[in-house]
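Engineer: Predicted model follows, preceded by the sequence.
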Amino acid sequence: MISLIKRLQDKFSLLLDALILEKNQGKGGAIYSGWDQADPVKYKWIAFVDADGAISPQETLNFLSQTQNSKNKDKTCLWSVRITGEGKEVQRTKMRMALGNIFRSIVKFTFNLPVRDTQCGLKCLPTEAYQKIRHHLAEKRFVFDVELAVHLTRQKYKLKEIPINWNESPGSTINIKSAFRMLISLFVIRWNLLMRKS
């Protein structure tokens with residue numbers, strides 16, 4: 001990994017050194033560890049994309065190009081969504097689609113967020129937005145996106161939905177145990193929000 005990054009840095013001068021975490025921090029923890037390294041003076045935007053290949057490199061570039069039409073003062077965050085019937089193709093197994101719809105319904109009922117798909121693995125937001133809410137972000141596993149969205153909206157940031165092409169990776173799996181943990185994490189987030197009004 002480190003040698004690959006070194007070779008790429010010769011071609012892309014903005015590419016930072018690889019960040020190697022000694023312990024598993026969870027998906028959210030790994031993303032936040034990377035974002036914590038971003039100097040807001042040099043980097044106006046921070047982003048992440050899932051590494052499972054469900055979102056193509058071209059789709060990622062198309063998504064990130066939206067930053068050229070947004071300004072940090074607009075308080076806009078870019079939020080990818082997997083929505084069929086809006087000129088995009090979404091390939092998912094029926095089981096994953098059913099579980100995803102159930103999860104979306106629970107999130108909508110519990111948090112009433114202004115996005116239809118909190119879990120799609122491609123997001124981009126102003127670095128200053130992240131720094132404003134960083135101290136509130138405690139969830140580090142697979143539902144960190146929900147907590148991130150909640151605190152961004154509390155700070156009056158707009159979550160701009162951008163439909164994308166998405167093709168489920170064959171190696172992507174979900175089981176009852178992980179689904180149960182995700183539900184528990186949602187209710188922990190909700191409880192923490194009730195205890196912390198601001």
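Structural biologist: Done, it's in. Quick caveat: nothing in here was measured; it's all calculated off a predicted structure.
Engineer: moving C-terminal of the worst-scoring helix or strand of the chain on mean pLDDT, what's the next helix or strand?
Structural biologist: Every helix and strand of the chain was ranked by mean pLDDT, DSSP states H and E. The lowest is helix 2-11, at a mean of 84. Once the chain leaves helix 2-11, the next helix or strand it forms, by DSSP states H and E, is helix 26-35.
Engineer: ranges for the helices of the protein?
Structural biologist: With DSSP state H, the ranges of helices along the chain come out as 2-11, 26-35, 57-64, 94-111, 127-133, 144-154, 176-195.
Engineer: Mind checking those helices for the one nearest to residue 118?
Structural biologist: Of all those, it is helix 144-154 that lies closest to residue 118, at 4.8 Å by CB to CB. Heads up, the C-betas are built off the backbone N, CA and C, glycines and all.
Engineer: For that closest one, enumerate the helices and strands it packs against.
Structural biologist: With contacts taken as 3 or more CB pairs under 8 Å, 6 or more residues apart in numbering; DSSP states H and E, helix 144-154 sits against helix 26-35, helix 94-111, strand 122-126, helix 127-133, strand 158-163, helix 176-195.
Engineer: contacting residues around residue 60?
Structural biologist: Contacts of residue 60 were listed using CB atoms under 8 Å, 6 or more residues apart in numbering, and they are 49, 122.
Engineer: What count of nearby residues applies to the closest residue to residue 124 other than its chain neighbours?
Structural biologist: Closest residue in space to residue 124, ignoring its immediate chain neighbours: residue 47 at 3.8 Å, by CB to CB, 6 or more residues apart in numbering. Residue 47 has 18 neighbours, counted by other CB atoms under 10 Å.
Engineer: The most centrally placed residue in the chain and residue 35: what is the separation?
Structural biologist: Centroid-nearest residue in the chain: residue 123, 4.6 Å away (criterion: CA atoms, centre = their mean). Relative to residue 35, residue 123 is positioned 11 Å away (CB to CB, to the nearest Å).
Engineer: any common contacting residues for these two?
Structural biologist: With CB under 8 Å, 6+ apart, residue 123 and residue 35 have common neighbours residue 48.
Engineer: Is the residue nearest to the centre of the chain bridged to anything, and to what?
Structural biologist: residue 48, residue 79 (DSSP bridges).
Engineer: Next one: it from residue 86, what distance?
Structural biologist: Residue 123 is 18 Å from residue 86, by CB to CB.
Engineer: pretty sure residue 151 contacts residue 134?
Structural biologist: No - assessed by CB atoms under 8 Å, residue 151 is found out of contact with residue 134, at 9.1 Å.
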